[in-house]
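Engineer: Show me the folded form of this:
(2 chains)
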Protein chains: 2
Amino acid sequence: MARGGSERRAAEVTAEFDLIERIRMRAGARSDVILGIGDDAALLQVPAGKQLVVAMDTLNEGVHFPPETMAADIGWKSLAVNLSDLSAMGAQPAWCTLSLSLPQADRAWLDEFLDGFLALAASHGVALVGGDTTRGPLSVCVTAHGFVDEGRALRRDGARPGDDVWVSGTLGDAAAALAQWRDGEPVVSALKTRLDRPTPRTALGLALHGIANACIDVSDGLLADLGHVCRSSGVGAEISVMELPASDALLGAFDEGTRFIFQATGGDDYELCFAAPEHCRDAIEAIGEQERIRVTRIGRIIAGQGVRALRRDGSPWAPPSAGYTHFVS
Amino acid sequence: MARGGSERRAAEVTAEFDLIERIRMRAGARSDVILGIGDDAALLQVPAGKQLVVAMDTLNEGVHFPPETMAADIGWKSLAVNLSDLSAMGAQPAWCTLSLSLPQADRAWLDEFLDGFLALAASHGVALVGGDTTRGPLSVCVTAHGFVDEGRALRRDGARPGDDVWVSGTLGDAAAALAQWRDGEPVVSALKTRLDRPTPRTALGLALHGIANACIDVSDGLLADLGHVCRSSGVGAEISVMELPASDALLGAFDEGTRFIFQATGGDDYELCFAAPEHCRDAIEAIGEQERIRVTRIGRIIAGQGVRALRRDGSPWAPPSAGYTHFVS
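Structural biologist: Residues are numbered from 1 along each chain as shown, chains lettered A, B, ... in the order given. Modelled structure (predicted):
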């Protein structure tokens, strides 16, 4: 781990090493981790015949989560968004590294953060193998590593005209929770859980090998993310806003017009959106039953470009925005 | 790439994707990158017979570099500190991912940042394969990936009593530059370059396979980092402060007492400190000549624990501090 810089201090209290030691003691183990936390870098064994899949995402306080978010939820989500990226590639997760910037060395906060982070890691068999802790505004950067069989990764660029478009789980819950929080309303518990503790669709991604022609995770909003698939694949798509799956919590809390906006354009759902040939419908339904996850056919891939959202009568549905951008010029 | 959060905006100007596209166009290529920037995750091929080496480090504005640091220098250094970690493992660097938090989408700043980052990447044959850009206080997180032959990595835990202790290059230059900057004095150009543009010792690390019993990069300060080696190896060390290599710039700018402090305890040098058996002295000198890098024998590994710094007459030299910590309780 490298350090240095503009506020060097003479101090015998090596608080940073204390934090790293607290992390190391709980980091988990795997037989393919030759050397984990505690050297200059981690030393790892990728299985023969596998390709390495690497995702990296940062969550910043005030941008990706409100300042009052519980440390354990920040921990969970910072890993979840990365495991979600791996799931969209159909990868089996294996290792992660964590770079944690904290305003001060707060052991209690760190322990709670690790509670959430490592609970998700353990449930996916993921070992924390390295990273650093440093001083700075609260920011959590995670790199996640996984494997796929050679040539079998799910990608964005394989969708073909005629493919069905599917989505897992339900859409719009996280955006709805955020809207309630922003409006100063009580946040419905089931919605808040979806915002704070998204579920990476790892098993579904693995099961879609040989079935899905293209896949992406819904992080920016369905229309935006399906748009990425279409651009990469050189195709267009039509989806029916009526078909977008909604949770009971969402149905109970919002009218249809508002709900459609959350479902079609809200980010942070971390469901999988994928394109698959028509002849795979039964197989996909069977996977959904086996993995106990809702899978919904919401439209189809067409020749052309762009994503069109349609109402029941076939008229276009126009969202007030299409996706999320961190930077607005 | 995953996004979401507390400041969602309706905006057609997808400035984030513009930044990502600017990065993607310049990211470099390697035949073992199956899929680089542009999907949910990177897809990479680790060569058969190799182990994967992964390092991750973050630089935060105001902590690791002063706010007035040039964007190109920040880019260079953010990758350099990670490649330095790989060099300390004796690894051949291959890929990196970059997570960049910026206060606003500043194309000119990004282009200059990439000038520095990618110049170093290209000189080491490293491809930038993924990551994200997001809004937040300026923070640069990099994960670097490299390879070593199975079982051949340089580690911290192999030093043995009787080993010589060596260090590459010169020590204290970066700390001296920082001190001048902090005191509001003109910073000697050669020292400033060492602070802003450290040189990862990749070729040296590779050449030390089969020679060094243990290795670390000097990021926290020589005494602190050699202390890490000693703790991991269950040994002690004695070094001579008189033997610590100094640059002409450092010799010309500071008296001996001040210089010793920078050399023994200053961080940010990113030289390699390694332990090797006595019979390897000629081989190490030859490697230094071949790689055109100064290598200096500064002490030896002893039974026991802790690092003792000695003056010429054998009396103990006591630094006012031993290493750097980000967090002071």
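
Engineer: Would you agree A:Gly116 is in contact with A:Ala80?
Structural biologist: No - A:Gly116 is not in contact with A:Ala80 according to CB atoms under 8 Å; the separation is 9.2 Å. Any C-beta I mention is one placed from the backbone N, CA and C, and that applies to glycine too.

Engineer: In terms of neighbours, single out the busier of those two.
Structural biologist: Neighbour totals were compared for A:Gly116 and A:Ala80, and A:Ala80 leads with 27 against 22 (other CB atoms under 10 Å in any protein chain shown).

Engineer: The closest residue to A:Phe262 other than its chain neighbours and A:Leu226, how far apart?
Structural biologist: Leaving aside its sequence neighbours, A:Phe262 sits nearest to A:Gly172 (CB to CB, 6 or more residues apart in numbering or on different chains; 3.3 Å). Taking CB to CB, to the nearest Å as the measure, A:Gly172 falls 15 Å from A:Leu226.

Engineer: these two touch, right, the residue nearest to A:Phe262 and A:Asp268?
Structural biologist: No - using CB under 8 Å, A:Gly172 is not in contact with A:Asp268, being 9.8 Å away.

Engineer: Pick out whichever of those two has more residues nearby.
Structural biologist: Remark: of A:Gly172 and A:Asp268, A:Gly172 carries more neighbours, 32 against 28, as counted by other CB under 10 Å.

Engineer: Check the gap between A:Asp255 and A:Ser240 for me.
Structural biologist: To A:Ser240, A:Asp255 is 18 Å away according to CB to CB.

Engineer: higher neighbour count, those two?
Structural biologist: A:Ser240 (17 against 8).

Engineer: what is that one paired to in the beta sheet?
Structural biologist: Assessed by DSSP bridges, A:Ser240 has beta-bridge partners A:Leu310.

Engineer: Report the contact partners of it.
Structural biologist: Shown in contact with A:Ser240 (CB atoms under 8 Å, 6 or more residues apart in numbering or on different chains): A:Ile298, A:Gly299, A:Ala309, A:Leu310, A:Arg311, A:Arg312.

Engineer: And the buried ones among those residues, selectable in PyMOL?
Structural biologist: Applying 16 or more other CB atoms under 10 Å in any protein chain shown to those leaves a buried subset, and the PyMOL line that selects it is:
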select buried, chain A and resi 298+299+309+310
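
Engineer: Rebuild the contacts of A:Ser240 as a markdown table, extending it with pLDDT.
Structural biologist: Converted to a markdown table, the contacts of A:Ser240 look like this (pLDDT from 0 to 100):
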| residue | pLDDT |
| --- | --- |
| A:Ile298 | 98 |
| A:Gly299 | 98 |
| A:Ala309 | 96 |
| A:Leu310 | 96 |
| A:Arg311 | 94 |
| A:Arg312 | 90 |
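
Engineer: between the contacts of A:Ser240, which is nearest chain B?
Structural biologist: For the contacts of A:Ser240, the residue nearest chain B by CB to the nearest CB is A:Ala309; the value is 15.4 Å.

Engineer: leaving aside the residues next to it on the chain, what's closest to the closest one?
Structural biologist: Nearest non-adjacent residue to A:Ala309 (CB to CB, 6+ apart): A:Trp317, at 4.4 Å.

Engineer: measure the one you found to A:Phe260 for me?
Structural biologist: Distance of A:Trp317 to A:Phe260, given as CB to CB: 7 Å.

Engineer: These two: which is more packed in?
Structural biologist: Legend: neighbour count by other CB under 10 Å for A:Trp317 and A:Phe260, higher for A:Phe260 (21 against 18).

Engineer: Can you name the element that comes right after the helix or strand containing that one?
Structural biologist: Secondary structure from DSSP states H and E places A:Phe260 in helix A:256-265. Next helix or strand after helix A:256-265 toward the C-terminus (DSSP H and E): strand A:272-276.

Engineer: ok so, going back, which helices and strands does the helix holding A:Phe260 pack with?
Structural biologist: helix A:173-182, helix A:222-233, helix A:248-253 (3 or more CB pairs under 8 Å, 6 or more residues apart in numbering or on different chains; DSSP states H and E).

Engineer: Can you say which of those helices is nearest to A:Phe147?
Structural biologist: Checking the helices and strands packed on helix A:256-265 against A:Phe147 by CB to CB gives helix A:222-233 as the closest, at 22.4 Å.

Engineer: hang on, A:Gly299 in a helix?
Structural biologist: No - read with DSSP: H, G, I helix; E, B strand; the rest coil, A:Gly299 is strand and lies in no helix.

Engineer: ok, now how distant is it from A:Arg182?
Structural biologist: Counting by CB to CB, the gap from A:Gly299 to A:Arg182 is 29 Å.

Engineer: where does chain A have low pLDDT?
Structural biologist: Where chain A drops to pLDDT under 70, the residues are A:1-14, A:321-329.

Engineer: At which residues are the strands of chain A located?
Structural biologist: A:33-35, A:42-44, A:50-60, A:92-102, A:127-135, A:139-149, A:164-168, A:214-217, A:236-240, A:272-276, A:295-302, A:306-310 (DSSP state E).
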